[in-house]
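**Q** Predicted structure and sequence below. I'll ask about it afterward.
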Amino acid sequence: MRQGPVKLFHISDIHFGLEDPAALAWVEDCIASERPDAVVITGDLTMRARHREYQAACAWIGALDVPATMVIGNHDMPYFNLIERFFDPYRRFQGVRSIVEAELDLGDIAIVPLKTTARAQWRTNWSKGWITRPALEKTLAQIDALPAGTRVLVSAHHPLVEVNHHGNVLTKRGGRALEELAKRKVMGVLTGHVHDPFDLVEQTPSGSVRMIGAGTLSKRIRSTPPSFNQILVTERGVQVEARNLEHVATPDMQIDDVPEDAMPPRKPGQPVAPVGSVPPVDPPVH
């Protein structure tokens, strides 16, 4: 049994194709020098799911030389090839297929994946989260099968908040998922997608759930510098530090709420996305 605290690096939204090379080099150095127990990647490795973006993502992950697990983000689903999107959506991740939703040996700590992406949705904006019933049932079954006393972190791409019940939701069935996870007293849900870090507590009828979001390592829209989360799991609980290249304090990095449109709010005095970054709204089919 593993003894002592467990240190995780939680990274997200690298968006190869529009990645930030300086941020990636910094993270590589942090991993090489600090040797975290594992790296948890919460999706959006690519920008438009092109072959060259997948190749770059697989090469980068393969060189990390630490245990890793990852979930798929909405930008990782084939965008231009709809046949591949529907029939073999993970084909281009062949180089790192072994870590997709992989289980890690962390003693009494388990990282359980929850799929929040869908090949198609009954709404025009497919970039938003959609938790299918089979996906939620699979995650809950994995949690329920763990040995008694196992402490659980759930990894997903989209934050599990449901904005309203009129079809325009951030993550469809997110509220149901949060309530079920609250029943199982998970330590936290690790996500990405909104490009700014957060550490929030969401209340449900079955109790509270801690939601922990990582920032981006890309040049895409954001209100804070490129960053990743350092997560320290001890007997006393979960400690989160949002680390970044510009040495901004963690409280100043974290946004106060998950915005309805999943676009990070701009805080006074904080940097904005650099010139040349892509428009903030994704095309309807991605």
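**A** Looks like it came in fine.

**Q** and L136, how many neighbours does it have?
**A** 19 (other Cβ atoms under 10 Å). Just so you know, the C-beta spots here come from the backbone N, C-alpha and C atoms, and that holds for glycine as well.

**Q** and it, helix, strand or coil?
**A** State at L136, reduced to three classes by DSSP: H, G, I helix; E, B strand; the rest coil: helix.

**Q** show me the contacts for the residue nearest to it when sequence neighbours are not counted.
**A** Leaving aside its sequence neighbours, L136 sits nearest to A177 (Cβ to Cβ, 6 or more residues apart in numbering; 5.5 Å). Contacts for A177 (Cβ atoms under 8 Å, 6 or more residues apart in numbering) come out as 114, 131, 136, 139, 160, 171.

**Q** element containing A177, please.
**A** Secondary structure from DSSP states H and E places A177 in helix 174-183.

**Q** Now do the buried residues in that helix.
**A** Residues 174-175, 177-182 are the ones in helix 174-183 that count as buried (16 or more other Cβ atoms under 10 Å).

**Q** same thing with stretch 244-264?
**A** Across stretch 244-264, burial judged by 16+ other Cβ under 10 Å covers 244, 248, 250, 253-255, 258-259, 262, 264.

**Q** Among these, name the ones in strands.
**A** N244 (DSSP state E).

**Q** Include distance to I31 and pLDDT when you put the buried residues of stretch 244-264 into TSV, please.
**A** As requested, these are arranged in TSV below (distance: Cβ to Cβ, whole Å; pLDDT from 0 to 100):
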residue	distance to I31	pLDDT
N244	15	96
V248	21	95
T250	19	97
M253	20	94
Q254	22	94
I255	25	91
V258	27	87
P259	30	80
A262	27	67
P264	25	69
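
**Q** can you put the buried residues of stretch 244-264 in TSV and add distance to E28?
**A** Output for the buried residues of stretch 244-264, formatted as TSV (distance: Cβ to Cβ, whole Å):
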residue	distance to E28
N244	15
V248	20
T250	22
M253	20
Q254	24
I255	26
V258	29
P259	30
A262	28
P264	25
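
**Q** mind listing what the closest residue to D144 other than its chain neighbours touches?
**A** Setting aside the residues directly before and after it, D144 is nearest to R184 in space (Cβ to Cβ, 6+ apart), at 7.4 Å. Applying Cβ under 8 Å, 6+ apart to R184 gives the contacts 140, 143-144, 152.

**Q** what's near enough to touch the residue most central in space within the chain?
**A** Centroid check for the chain by Cα atoms, centre = their mean gives T42 as the closest residue, at 2.6 Å. Shown in contact with T42 (Cβ under 8 Å, 6+ apart): 10-13, 70-71, 73, 155-157, 190-193, 214.

**Q** Could you tell me how far it is located from Q203?
**A** Between T42 and Q203 the distance is 22 Å, computed by Cβ to Cβ, to the nearest Å.

**Q** coming back round to it: can you pick out the most distant pair from the buried residues of helix 174-183?
**A** G174 and A182 (12.4 Å; Cβ to Cβ).

**Q** where do the strands sit along the stretch 51-200 of the chain?
**A** Using DSSP state E, counting those that start in this stretch, the strands of the stretch 51-200 of the chain run over 68-71, 109-113, 129-130, 151-155, 171-172, 188-191, 198-204.

**Q** Now those strands in JSON lines, please, with extra columns for mean neighbour count, mean pLDDT and distance to E235.
**A** Shown next, in JSON lines, are the strands of the stretch 51-200 of the chain (neighbours: other Cβ atoms under 10 Å; pLDDT from 0 to 100; distance: least, Cβ to Cβ, whole Å):
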{"stretch": "strand 68-71", "mean neighbour count": "24", "mean pLDDT": "92", "distance to E235": "23"}
{"stretch": "strand 109-113", "mean neighbour count": "22", "mean pLDDT": "96", "distance to E235": "11"}
{"stretch": "strand 129-130", "mean neighbour count": "26", "mean pLDDT": "78", "distance to E235": "32"}
{"stretch": "strand 151-155", "mean neighbour count": "23", "mean pLDDT": "97", "distance to E235": "10"}
{"stretch": "strand 171-172", "mean neighbour count": "24", "mean pLDDT": "85", "distance to E235": "32"}
{"stretch": "strand 188-191", "mean neighbour count": "27", "mean pLDDT": "98", "distance to E235": "16"}
{"stretch": "strand 198-204", "mean neighbour count": "17", "mean pLDDT": "95", "distance to E235": "20"}
